[in-house]
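J.: no sequence on this one, just coordinates:
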Ligand code: SF4
């Protein structure tokens, strides 16, 4: 099944592709041990299906902004417009450090000509729209984008972005790849 899907992607894409498409990805989905608990979230199906077509650009906002592995779990607090990334037990606010790093990282991603991004669902840093949002008192008040993925989407509004769960759907994968190819062609690649 997986091999058939990979072949399907090749048949769809190779006639138009001069080289692999650069896609940003949450590092834990590639199997890197960067999660708060020291583990990863390797998505074998997605990585095996897309790797023949894609040059991965792995990003872990929490580790790359200077947080250790393992680290205390965090969550988002705020009103949805203003977000804070705060550790759950000790209430340490890491918003400033991750945003300082993000502002520099956005410039790097632009220079790298990344043509799409695959984010880890529900992460306070990487989730797209399904990250839990809490009040300062700890009450769940809704969902919102993760703090890094929101910055990426604000900076590159036409960049195709999905999470690994949405990309289990063949139609969404195909649409994502088409948009990424279009983006690549605009870069002249
Ligand atoms: S979801 Fe994002 S921040 Fe969390 S471990 Fe994965 S890449 Fe790092």
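T.: It's in. What you see is a predicted model; the values in this text were computed from it and never measured. Numbers count the residues shown, from 1 in each chain.
J.: show me what from this protein comes close to the ligand.
T.: If contact is defined as CB under 6 Å from any ligand atom, the residues of the chain in contact with the ligand are 26-28, 34-35, 60-62, 120, 123, 125-126. In this view, the C-beta of every residue, glycine as well, is placed from N, C-alpha and C.
J.: farthest-separated two in these?
T.: Pairwise distances across the residues of the chain next to the ligand (CB to CB) peak at 12.1 Å, for the pair 35 and 61.
J.: what's near enough to touch the spatially most central residue of the chain?
T.: Centroid check for the chain by CA atoms, centre = their mean gives residue 119 as the closest residue, at 2.3 Å. Taking CB atoms under 8 Å, 6 or more residues apart in numbering as the criterion, residue 119 is in contact with 25-26, 126-128, 146, 149, 161-164.
J.: so how far is residue 52 from it?
T.: For residue 119, the distance to residue 52 (CB to CB, to the nearest Å) stands at 21 Å.
J.: what of residue 185?
T.: When residue 185 is compared with residue 52 (using CB to CB), they lie 19 Å apart.
J.: quick one: distance of stretch 76-91 to the chain centre.
T.: Put simply, stretch 76-91 sits 19 Å off its chain's centre (CA atoms, centre = their mean, to the nearest Å).
J.: actually stretch 52-65, sorry about that
T.: Counting by CA atoms, centre = their mean, stretch 52-65 is centred 8 Å from the centre of its parent chain.
J.: sorry, back to before: tell me what the residue nearest to the centre of the chain is bridged to.
T.: Under the criterion DSSP bridges, residue 119 forms beta bridges with residue 163.
J.: show the pLDDT at it.
T.: Residue 119 is assigned 98 on the pLDDT scale.
J.: make residue 1 into 36 and carry on from there
T.: Understood, numbering begins at 36; the last thing we discussed is residue 154.
J.: please report how far it lies from residue 53.
T.: Spatial separation of residue 154 from residue 53 under the definition CB to CB is 26 Å.
J.: wait, doesn't residue 99 sit right on residue 140?
T.: Yes. Contact status for residue 99 versus residue 140: in contact at 7.1 Å, counting by CB atoms under 8 Å.
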